[in-house]
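# turn this into a structure:
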Amino acid sequence: MTIKRMTFLQELLKFMGLDGRLHLDWISSAEAQKFVQVVTGFTEKIKAMGPTPLTGELDLSAIESACDEEIAAKRAEVASVEGG
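Next comes the predicted model:
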């Protein structure tokens, strides 16, 4: 499920002009050094990309509506499975 969500978010950010500004890495709590390397590398990448290309107000109403519809559909699906 995580990969599906990440793919969706990557496509959404690409659509918004923010391609490359999302990163996922599996790191154990015992891998402190890896955590530092991943965060430092991603921070440097974002800094190199420069400021956000978005300017002005961003209208998220279509995205909000789609999310609300998806949430309502999932709730209805859960209710039908639970018998309520």
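
# name the residues that touch whichever strand or helix holds Phe35?
Here Phe35 is covered by helix 32-49, with elements defined by DSSP states H and E. Contacting residues not belonging to helix 32-49 are listed as 20-21, 23, 25, 27-28 [CB atoms under 8 Å, 6 or more residues apart in numbering]. C-beta here means a position set from N, CA and C on the backbone, and glycine is covered the same way.

# quick check, nearest of those to Thr55?
Set against Thr55, the nearest of these by CB to CB is Arg21 (15.8 Å).

# that closest one is in contact with Leu13, isn't it?
Yes. The pair Arg21 / Leu13 is scored as a contact, 5.8 Å apart, by CB atoms under 8 Å.

# what separation do you get for Val38 and Ser28?
Separation of Val38 from Ser28 (CB to CB, to the nearest Å) stands at 12 Å.

# who has more neighbours out of the two?
Taking neighbours as other CB atoms under 10 Å, Val38 and Ser28 compare with Val38 leading, 16 against 8.

# do you know the pLDDT at the more buried one?
pLDDT, Val38: 95.

# perfect, I'm done here.
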